[in-house]
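Peer 1: could you work out the structure for the sequence below:
(3 chains)
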Amino acid sequence: MKKGHFILLIILFLISVTSAFYFFDIIDFPDLKLLPYYAGSSLLRMGFAYFFALCFALSYGYFAATNTNARKIMMPVLDILQSVPILGFFPAAVLFFIGLIPGRTGVEFAAVFLIFTSMAWNMAFGVYESLTAIPKELVEAADSFGLHGWQRLESLTLPACVPKLVYNSIVSWSVGWFFLVASEIISAGSDTYKLPGIGSFLIDTTYSGKIALMLVGLSVLVIIILLLELFIWKPMQSWADKYNYEYAGEKKPGEFIFNMRIIKYVFRSIFELFSKIMVSLYIIFHKHKLVKKSLKFLGYLILISALLYIAYIFIVSVSKMFLNLPDDAYSIPLAIAYSFLRLSVAYVICILWTIPAAVYIARNKKASSYLMPVMEVAASIPAIALFPAMVVIFIRYGSLDIAAIILILLGMQWYLLFNLIAGVKSIPKDVENVAASFGIKRKLYWKKVLLPSMFPSFVTGSITAWGGGWNTLIVAEYIVFKGQEYHLFGIGYLLDKATFQTPDSSMVMLSVLGMAVTIIFLNRLIWQPMYRKALAKYKFD
Amino acid sequence: MIFPKATISEIIGLLEVVNDSGGIEDAARLAADFDLELDEILPSIDGAELLGFVSVTDGNIELTEDARNLLETGIRDRKKIIRDKVAGVGIIKELTSMLMESDERKISKKETLKFLQDKIATADIESYFRIIINWTRHAGLIGYNSDSEEICLISK
Amino acid sequence: MLAEIKNISKTFESDGNKIQVLDNINFTVEDNDFICIVGPSGCGKSTLLRIIVGLEKPTSGEVLFKGEVIAPDNPKVAMVFQNFALFPWLTVKENIELVLESKKYGEEAEKVACKYIRAVGLDGFERVYPRELSGGMKQRVGFARELAVEPVLLCMDEPFSSLDALTSQNLKDELLMLWAEVSMPPDAVIMVTHNVEEAVYMANRIIILSPRPGKIVADLKIELERPRNRKDPEFYRWVDKVYSLIV
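Peer 2: Numbers count the residues shown, from 1 in each chain, chains lettered A, B, ... in the order given. Purely as a prediction, here's the structure:
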C-alpha cells in the first residue's frame, strides 16, 4: 500500500466520524453546525498570512542576497527575529492593530499578523540561501546571454528559489497551524477578543470541558491538514523538484497519489502569475527613475521612522521599567531556569526515543510504510491543541509538571525524529558496506559508524526542536480549564500572567527580553558551534 | 613566484609514465596519451622539475638520475628520497626554519597563509597551502593539525 | 584453490520487471591470481564482485571460500571501494584501527595499523582527517585499511576510477609493488574495471563479461613480464586482443 493511500484512508475515517457527529446531533451544541464556517475562516487566515509571508520572503531575501551592504544588517536581524518567541510579542501587536482599526477587523489583522510572523522568517532564509547558492556558472551564463531585467528574474532568480521555498513553506504551514490555534482567542489587557475559527472552537470546547466536541474539532483540523498535504504540498514538491539543479536525477520526485495534471497545471499558472506580478513590479522599479527614486525614498522613510519608533518605545519602556521595576521581574532568571529545566527533560526524553526509532524506521522498509504516515498525521496535530486534553488527564491523575513536559515533548520530538530518519537514510551505501564487510557490529557500529553519521541531522533537528520547544512553553505553563486556572512556575507562566491575568506591559517586555537573550545566548554558545562542527567534520563528501 | 599545484602522487605518476617511454617524452604527446589538457599536466611537470626529477628542454621531459633511482626503489625508500628533495625546495626551507625558530615549533595557519601570500601572489592561497602541506606531509617534514589550525614540525 | 564461484545468476526486480544482470558465472580463484573482471558498463561486474564478497546474495548459485559459503564479514576477504568509503570523523589511523577493533586485535590494533600505514607510505598522515587528503591519499588509506585485516582475497571495485590519470598511475604501480612483496597479505586479488589498458597492466588473468546479462566470454591468462610497459608493442597486442573479445 502506498503511503498516500494510507493517509487517504485515515482521512476517510476521520471524515466519517466527524460527519456522524455533525449530521446526527449526537451532542447538542449550537456551535457544531458552524464548524465548516469555522474551518473556512481559519483556512482563510492561514492563506492570507502565507501570502504576505511569501511576498515578504521574496523581497527580503532578494534584497539581502543582492545588496551586500544591506545584508550585513538584514541577516542578523532575521536571525534574531527567528529566535525570538513570537507569542510573547502578541499582546502588543493586538493592541497596536486594534488601536489602528477598531473592532473585529483589527483583531483579524492581529491574528493574521501573528501567523505571518511564524511563517515568514524561515521562508526569507530559504530565498536568501537559494539566491546565494545559484552556481556561478549559471549567473555567468545568464550574463553572457544578456539576460537582464524581467528575463533574468523569470529564468534565473525565481526558479532558483522554488525548491527551498516549497520545502520551507511546508514547515511554515505546520508552525502556522500552531499559531492559528493560539491567535484566535486573544486577551489583551482586560478585554478578550474571540475570532470564529477552528482554533477558538478547540479552546472553547476544552475550557468548558466538552472533550468529545473538542475531539470532533481536532479531527476537522487534522482532516484539513492532511488534505492540504495530499493535494497541495505533495504535488508541489514534485513540481519543485524540477527546479532543483543540485540533485537532478538523484532525487526521487515527491510522491503522487493521483497523477493529476490539473494540479500541476494550477501550480504552474499560479507560479507564472506570481512571477509576472513580481516581474512587472521589478520593471516599474527599475525602468522609471522617478518611481525608483521615490520608492527608495519611501523605503528609507519607513525604515527610519520604524527605527525611531522602536527606539522611542525602547527608551520609554526601559525608563519606565527601571523607575518602577515590577516585583515579578526579580523572579525572571529563576523562571527561565525552571523552564529551561523542563525543556531539557523533554529534550532528553526526545533523544532517548527518537534515535532508536529513527534507525528502526529508516532501516525497516515495511515498518516505515505503515509508521511514517501515522507519524506524519500525529506530527501534523499542533501540540497546543492537545494541551487541554492533557490537563484533564493530569489534573486528575498526576502532576501538571508531567503534562507540561509531555506537551513540550510533543512540540519538540517530530522535528528531531524526521531529521534523524532523513539522516540515517542518507548514509552512503559504501560506508554501510565497509561496516558489513569488516564485521563492525553492535556497540562498535553504533559508536563509530551510526551515531557519528547521524550527528549533522541530529544538530539540525535539535535546533528546530528547541525552537518549537520555546514556543510550546508559553502555552504549556498556564491554562484555564472549566473556569479554573492552573499554572507552573516558569517564564511561560510569567509571560501569560503579565498578559492575561494582571496585565503589565513592562513585565511582558522584560519576560520576552529575558527569553530572547537566553535563546540567542544558547544558539551562539551551543548550537552554532555544533552546527559548524557537524558541517566540517561529520558530513560525507 | 609560482608554486606548482600538483600532488606528490601526480608527480611520481608522471615520472612513471615518462619512464615507460624510455625516460624521455614530449609533453604534448604525454597530454594526448592521457587525454589531458596541457594545462592539467603542466603543474606536474613543473613540480617534477622543481624537485629535480626531470629536466625540460623544448617541451621534452627527461628523467634525471634521481628520478631513475626513485623509480627503482620501493615505497619506503621513495619516501626518503622525496624527503630530501622536498626539504631542498626554497619556500619549504624557509617554512622549516621559521618553525625551528618559533615557540613550541608551531605556527598558526593564519600566519602561514600570510607568509605564503607574500611569496605567491594569488587569490586562492588556500589551495597552495593544501598542496604545500601535501608535499611536506608526504616528506614527513611539516604536518598540519586541522583542529588547532597550526602547522608543526614532524619529529623523527 | 582459494575460492570457487559456482553457477552464479542474479536477477533484480523493479516495478514488477525482472532484469537479469548475471547469467551462470563459473570460475575459480587460485593462489597468486590477480584477476581483472572487465566488461561494458551494465554487465553486472560490480554486482558480481559484491556477490563474491558476500555483500549481496545471488539469485542462484553459490560462492565458496576455501570450501565454505562466504559470509559478508569474513575477515579473509576484504573490499576496496571506488569512492574510498572512509569515515570523515575518524583520522587516517582511526579509520584503520576501526576495522581491526571489530576483529578483536585489542592492543595489537595500533601496531598493525602503523605497519600498514608505513607500507603504503602514509606515515606522517596518521592524525589527518580524510577531508584534508587528496584523492590519491584517500585511496591509499583505503588500501591500508583493507590490507590491515590481512585478507587472503582482496576485492577492488574500480579503485582508480575516481582518481586523475597521473595519480592513478602512481597508485597502480605502488599496488603492484605491494603485490610483489611476498610478505604482504593478499594471496589473490579480484579487481573490477572498465579500463582495458588498466586490466592488461595489472592482471595476470582477465575475465571478460558480455553485456547484460553478464556471461563469461573469455578467461585469459596474461603472459607479460613484469614490470610491464605500456609503450611495449607486446602490451598493445594484449590490449587489442581483449578489445576484440569485448566488441
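
Peer 1: nearest residue to the middle of the chain?
Peer 2: Assuming you mean chain A. By C-alpha atoms, centre = their mean, chain A has its centre lying nearest to residue A:175, at 2.8 Å.

Peer 1: oops, chain C please
Peer 2: Chain C, centroid-nearest residue using C-alpha atoms, centre = their mean: residue C:156 at 1.6 Å.

Peer 1: so where does it fall, helix or strand?
Peer 2: strand C:153-157 (DSSP states H and E).

Peer 1: distance check, residue B:35 against residue C:195.
Peer 2: According to C-beta to C-beta, to the nearest Å, residue B:35 stands 12 Å off from residue C:195. From N, CA and C alone the C-beta is placed, and that goes for glycine too.

Peer 1: whoops, residue A:97 was the one
Peer 2: Taking C-beta to C-beta, one finds residue A:97 at 70 Å from residue C:195.

Peer 1: more neighbours: those two, which one.
Peer 2: Set residue A:97 next to residue C:195 and count neighbours by other C-beta atoms under 10 Å in any protein chain shown: residue A:97 wins out with 22 against 15.

Peer 1: who's in contact with the helix or strand containing the more buried one?
Peer 2: Using DSSP H and E, residue A:97 maps to helix A:90-100. Helix A:90-100 has contacts (C-beta atoms under 8 Å, 6 or more residues apart in numbering or on different chains) with A:106-107, A:109-110, A:113-114, A:182-183, A:186-189, A:193, A:499, A:503, A:505, A:508.

Peer 1: gap between that helix and the chain center?
Peer 2: The chain centroid and the centroid of helix A:90-100 are separated by 22 Å under C-alpha atoms, centre = their mean, to the nearest Å.

Peer 1: ok now do residue 136, which residues does it touch?
Peer 2: Because you didn't say which chain, this covers chain A. So residue A:136 contacts nothing (C-beta under 8 Å, 6+ apart).

Peer 1: meant chain C, my bad for not saying
Peer 2: With C-beta under 8 Å, 6+ apart, residue C:136 has these contacts: B:7, B:9, B:10, C:163, C:167, C:168, C:170, C:171.

Peer 1: again, but for residue A:487
Peer 2: Neighbouring residues of residue A:487 by C-beta under 8 Å, 6+ apart: A:400, A:477, A:478, A:479, A:493, A:496, A:497.

Peer 1: is the nearest residue to residue A:227 once chain neighbours are set aside within a helix or a strand, and which one?
Peer 2: Spatial nearest neighbour of residue A:227, excluding adjacent residues (C-beta to C-beta, 6 or more residues apart in numbering or on different chains): residue A:11 at 6.5 Å. In this assignment (DSSP H and E), residue A:11 forms part of helix A:3-23.

Peer 1: show me where chain B has its helices.
Peer 2: Ranges of helices in chain B, per DSSP state H, are B:8-20, B:27-33, B:38-50, B:65-72, B:75-87, B:90-101, B:109-119, B:125-138.

Peer 1: tell me the most buried of the ones you listed?
Peer 2: Most buried of the helices of chain B, by mean neighbour count (mean count of other C-beta atoms under 10 Å in any protein chain shown): helix B:8-20, with a mean of 26.

Peer 1: is there proximity between that one and chain C?
Peer 2: Yes: applying C-beta under 8 Å from any C-beta of the partner chain, one finds helix B:8-20 touching chain C at B:9, B:10, B:11, B:12, B:13, B:14, B:16, B:17, B:20.

Peer 1: now these as CSV including pLDDT?
Peer 2: CSV is the format used below for these (pLDDT from 0 to 100):
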residue, pLDDT
B:9, 92
B:10, 92
B:11, 93
B:12, 93
B:13, 92
B:14, 92
B:16, 91
B:17, 90
B:20, 88
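
Peer 1: ok, residue B:16 touching residue C:168?
Peer 2: No: look at residue B:16 against residue C:168 with C-beta atoms under 8 Å: they stay out of range, at 10.7 Å.

Peer 1: and residue C:120, what does it touch?
Peer 2: B:75, C:140, C:141, C:143, C:144, C:147, C:174, C:178.

Peer 1: burial check on residue A:344, number of neighbours?
Peer 2: 14.

Peer 1: where does it sit, in terms of helix or strand?
Peer 2: Here residue A:344, judged by DSSP H and E, is contained in helix A:332-363.
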